[in-house]
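Peer 1: show me how the following folds:
(one chain, ligands or ions: 1)
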Amino acid sequence: MATISQNIFLTKKEKLSCKTCGRRISLGKSFVAESEDHKGTCFGCSPFVGYVMLPPGDAAMTRRSKKHSTLCGVVLAWNQRRKRYERRGQLVEEEAIEKARLECEKDQAARDLKNKKAAIIRAQKDREYIADFAMAIRERYPNCPPKRELDIAIHSCEKHSGRVGRTADAKQFDPKMIDLAVTAHIRHKETNYDAQFGKGKRKKEIRSDIQSDVSAILRKWQ
Ligand SMILES: [Zn+2]
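Peer 2: Numbers count the residues shown, from 1 in each chain. From the prediction side, this is the model:
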């Protein structure tokens, strides 16, 4: 049977109380409920007393310890900067962690190999993406200096790693995306943009000061 997951909020609310014992749950303490707007219990009244915390970061351990545990308490803490709850780990039975650890030890070598293969495929895809993107840049800016399209593509690929654009059909590059990448490159490599910072000028001013230089080079490269 699939393990039942339950959320445990390290709450950001000030006025929560336990539906079972009635005690107040203060800011940052565990509130066990479907959401903070539902009724829920304090940690002491929850079924997680005696459970052990497994920190996040190891996908196989997370999955396997959950599978072996009767319940799984997903511990969530509020990230004020991102304005969202984030996983801090999960509470599972100690025995479940032990079973998971044994399973992971057993197939460690096989999982390492699988991860290695996946990394090689990713690197290959990155190279293909960069080559395709460079070609698209060259098509749109045929007069850009030799090999420069590759510099721009590599930089843009590093900067946007993990973005949606990389998983979409690599050959369908949005002209706007190309223009942005080329403009950023020109700004940094062909103007005195970077040298103007730290002299009391604001980014907006600096950008508008070099705008005509950037436009002239864009036209030249087109
Ligand atoms: Zn309680």
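
Peer 1: helix or strand right after the strand or helix carrying residue 183?
Peer 2: Take DSSP states H and E as the rule and residue 183 turns out to sit in helix 175-190. The element immediately downstream of helix 175-190 (helix or strand, assigned by DSSP H and E) is helix 203-221.

Peer 1: ok, now how distant is residue 123 from residue 153?
Peer 2: Using C-beta to C-beta, to the nearest Å, residue 123 is found at 15 Å from residue 153. C-betas here are computed from N, CA, C, even on glycine.

Peer 1: from the middle of its chain, how far away would the helix holding residue 183 be?
Peer 2: 25 Å (C-alpha atoms, centre = their mean, to the nearest Å).

Peer 1: please apply the same query to stretch 59-77.
Peer 2: Distance of stretch 59-77 from its chain centroid, counting by C-alpha atoms, centre = their mean, is 21 Å.

Peer 1: residues of stretch 97-108 that come out buried?
Peer 2: 97, 99, 100, 103, 104 (16 or more other C-beta atoms under 10 Å).

Peer 1: let me know the secondary structure of the fourth one.
Peer 2: Local secondary structure at residue 103 is given as helix here, using DSSP: H, G, I helix; E, B strand; the rest coil.

Peer 1: grab the nearest non-local neighbour of it.
Peer 2: In space, and not counting its chain neighbours, residue 103 is closest to residue 64: 5.4 Å by C-beta to C-beta, 6 or more residues apart in numbering.

Peer 1: any idea how far the ion is from that neighbour?
Peer 2: To the ion, residue 64 is 31 Å away according to C-beta to the ion, to the nearest Å.

Peer 1: next, count neighbours for that residue.
Peer 2: Residues near residue 64, counting by other C-beta atoms under 10 Å, number 21.

Peer 1: ditto for residue 182
Peer 2: Counted with other C-beta under 10 Å, residues neighbouring residue 182 total 23.

Peer 1: mind pulling up the pLDDT for it?
Peer 2: Residue 182 carries a pLDDT value of 94.

Peer 1: contacting residues for it?
Peer 2: 137, 140, 141, 144, 152, 218, 221 (C-beta atoms under 8 Å, 6 or more residues apart in numbering).

Peer 1: out of those residues, which one sits closest to the ion?
Peer 2: Set against the ion, the nearest of these by C-beta to the ion is residue 152 (59.0 Å).
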